[in-house]
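Engineer: pasted the sequence and its predicted model underneath.
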Amino acid sequence: MSNWKGYEFLVFGALLFVVFILLALWIGKKAKEKGYSRVGFTIFALFLPVIALIVVLVIQPTQAAQDKSLVKCSQCAEAIQPQAKRCKHCGIEIPLTLINAPSAT
């Protein structure tokens, strides 16, 4: 056991480094889910991890990220909720096939 003396800090440092990298990647993933740049937030997290974590937890999703769950009306091509039975823009009744169909992204 005397051969391992002094390596505790090295093992702890390597473990801390792995956790730090995984945290940065997770922050990038969460930013991507909200419609922001994965690479940009990962780099941000590598330099300022605590601030990046706070920012990614409080930022609102972009409009593009929110629109992914919407479907287009077959009459006016406006974005509507997938559960809608009538288009709020043109008033046409939405067929059940469009309501039950997965959104095309």
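Structural biologist: Looks like it came in fine.
Engineer: against Ser69, how distant is the spatially most central residue of the chain?
Structural biologist: Nearest to the mean C-alpha position of the chain, counting by CA atoms, centre = their mean, stands Glu33 at 1.2 Å. If you measure Glu33 against Ser69 using CB to CB, to the nearest Å, the figure is 12 Å. Any C-beta I mention is one placed from the backbone N, CA and C, and that applies to glycine too.
Engineer: separation between Gln83 and Ala45?
Structural biologist: The gap separating Gln83 from Ala45 is 36 Å, by CB to CB.
Engineer: neighbour-wise, which of these two wins?
Structural biologist: Shown here are Gln83 and Ala45; by other CB atoms under 10 Å, Ala45 has more neighbours (25 against 8).
Engineer: may I see the buried residues of the helix ranked longest in the chain?
Structural biologist: The single longest helix within the chain, with elements called by DSSP state H, is helix 8-33. Buried residues in helix 8-33, defined by neighbour count with 16 or more other CB atoms under 10 Å: Leu23, Ala24, Ile27, Gly28, Lys30, Ala31, Lys32.
Engineer: not counting sequence-adjacent ones, nearest residue to the fourth one?
Structural biologist: Just to be clear, that refers to Gly28. Nearest residue to Gly28 in three dimensions, chain neighbours excluded: Thr42, at 3.4 Å (CB to CB, 6 or more residues apart in numbering).
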